[in-house]
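*Asks:* fold the following.
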Amino acid sequence: MSVSVVNKGNLNDDQEEVLERFIEFQYAMIEKDLEKLNELLEDNYTLTHMSGKTQTKDEYIGEIMDGTLNYYKSIINNPIIMIKEKDKAILKADVTLDAKVYGMKGTWTLHSEQTMEKINGKWYLSKWDN
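*Replies:* Take a look at the predicted model:
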């Protein structure tokens, strides 16, 4: 399995929805699924890499699709999900990625904070800080 969750704990329905959308995102990164990535990420999405580099949605998806960013496996460790105001969520987790990024292959554990927003009944990713 290319995406797994470790120590999920007891989550309510809203928290489960948030986690499921993040899992879908991890699969879309690994599978280079352009349509799914565009569906899951808000137009104003930003990703801040552990190097401090920040990318827009288009820049990030572009580097996945052109092979600059290659993801092979994701382990979501100890996710903590906070729902705020019914339409905002913060997912904190250590995400271990087996990847080849900017020419370097390795396994990295990112102390991640994912911001998500609920729009028309569905959760969308708006920001990922590592």
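*Asks:* for the protein, which segments count as helices?
*Replies:* Secondary structure of the chain (DSSP state H): helices at 13-31, 34-40, 57-65.
*Asks:* which other helices and strands does the last one contact?
*Replies:* Applying 3 or more Cβ pairs under 8 Å, 6 or more residues apart in numbering; DSSP states H and E, we find helix 57-65 packed against helix 34-40, strand 41-48, strand 69-84. No exception for glycine: its C-beta is placed from N, CA and C like everyone else's.
*Asks:* check the second one too.
*Replies:* With contacts defined as 3+ Cβ pairs under 8 Å, 6+ apart, the packing partners of helix 34-40 are helix 13-31, helix 57-65.
*Asks:* C-alpha coordinates for that helix, CSV please?
*Replies:* What follows is helix 34-40, C-alpha atoms only, in CSV (Å, rounded to 0.1, in the frame of the first residue of the first chain):
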residue,chain,number,x,y,z
LEU,A,34,-3.5,15.8,-12.5
GLU,A,35,-7.3,15.9,-12.4
LYS,A,36,-7.4,14.8,-8.7
LEU,A,37,-4.7,17.2,-7.6
ASN,A,38,-6.6,20.1,-9.3
GLU,A,39,-9.8,18.9,-7.6
LEU,A,40,-8.4,18.6,-4.1
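*Asks:* can you tell me what sits against that helix?
*Replies:* 21, 24-25, 27-29, 61, 64-65, 124-125 (Cβ atoms under 8 Å, 6 or more residues apart in numbering).
*Asks:* would you mark the buried spots in that helix?
*Replies:* Across helix 34-40, burial judged by 16 or more other Cβ atoms under 10 Å covers 37, 40.
*Asks:* now do it: distance to the chain's middle.
*Replies:* Centroid separation for helix 34-40 versus its chain: 12 Å, with Cα atoms, centre = their mean, to the nearest Å.
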